[in-house]
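Let's see this in three dimensions:
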Amino acid sequence: VTCGVDRNAYVWTYDGTQWQPVLVILRINRAATCVRWSPQENKFAIGSGARLISVCYYESDNNWWVSKHIKKPIRSTVTCLDWHPNNYLLACGSSDFKTRIYSAYVKEIESKPSANEWGSKLPFAALLGEHSNGGGGWVHSVCFSSSGTKLAWVGHDSSISVVDAANGSVISTSKTNFLPFASCLWVTENSLVVAGYDN
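Numbering: from 1, shown residues only. The predicted structure follows:
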């Protein structure tokens with residue numbers, strides 16, 4: 001899947017000789033900034049400058065991908081996305097300095113989710129958590145741990161933050177003297193790697 005500043009997205013399928021695109025109906029009026037497939041690859045999410053997330057799934061009757069929107073309370077461009085291992089929850093970071101966790105359950109294509117550490121009521125677009133490190137800096141990357149109980153994010157203020165849903169959603173933040181970090185990735189359940197602009 002690809003997305004771009006022209007506000008379009010395409011899902012590409014290789015037919016053995018070339019890649020064939022299928023249009024995604026995004027319904028956004030600003031640039032698409034990031035995209036991420038779900039773990040089961042039956043849907044994907046696209047962040048945009050329109051202050052919303054499009055959760056897209058395939059509609060076989062019309063041979064296209066349609067979208068549902070998650071809007072509130074995002075106040076600025078969505079810069080990064082990550083899916084929970086259970087395929088139902090979605091984390092996003094944005095340039096309003098916040099990280100949020102939503103339910104991205106799409107009843108048209110999947111069974112009803114069960115309760116988890118992040119919440120028990122999971123209708124589509126339900127806000128399950130909104131977190132900030134208390135400082136300034138738009139969020140460059142978000143990442144769930146392999147168990148899905150922890151969420152890490154890095155910001156433009158050179159900070160690394162982790163929230164633990166299994167421990168009362170306690171936030172741990174480390175402010176550093178490095179240049180900003182651009183990405184983060186869990187290596188084990190208790191360790192992660194971050195990378196950024198420093199040499």
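
middle-most residue in the protein, spatially?
Central residue of the chain (CA atoms, centre = their mean): Leu81, 2.1 Å from the mean position.

quick one: it and Cys143 touch, right?
No. Using CB atoms under 8 Å, Leu81 is not in contact with Cys143; the gap is 10.1 Å. Bear in mind the C-beta positions are built from the backbone N, C-alpha and C, glycine included.

joint contacts of those two?
Ala91 (CB atoms under 8 Å, 6 or more residues apart in numbering).

avg pLDDT for stretch 38-56?
Taken as a whole, stretch 38-56 carries a mean pLDDT of 97.

buried residues in it?
For stretch 38-56, a neighbour-count test (16 or more other CB atoms under 10 Å) marks 38, 43-56 as buried.

measure it end to end?
End-to-end span of stretch 38-56 (CA to CA, to the nearest Å): 10 Å.

how far does it sit from the chain's center?
Distance, stretch centre to chain centre, for stretch 38-56: 7 Å (CA atoms, centre = their mean, to the nearest Å).

Same question for stretch 121-136.
Using CA atoms, centre = their mean, the offset of stretch 121-136 from its chain centre is 12 Å.

Between the two ends of that stretch, what distance do you get?
31 Å.

and the nearest residue to Lys112 once chain neighbours are set aside, how many neighbours does it have?
Setting aside the residues directly before and after it, Lys112 is nearest to Tyr105 in space (CB to CB, 6 or more residues apart in numbering), at 7.3 Å. If you count neighbours by other CB atoms under 10 Å, Tyr105 ends up with 22.

Okay, and the beta partners of Cys3?
Ala9 (DSSP bridges).

contacting residues for it?
Residues near Cys3 by CB under 8 Å, 6+ apart: Ala9, Val24, Leu26, Ala32, Thr33, Cys34, Val35, Ile46.

Same list (these) but as TSV, adding distance to Trp118 and secondary structure.
Formatted as TSV, the contacts of Cys3 follow (distance: CB to CB, whole Å; DSSP: H, G, I helix; E, B strand; the rest coil):
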residue	distance to Trp118	secondary structure
Ala9	27	strand
Val24	27	strand
Leu26	26	coil
Ala32	26	strand
Thr33	24	strand
Cys34	21	strand
Val35	22	strand
Ile46	22	strand
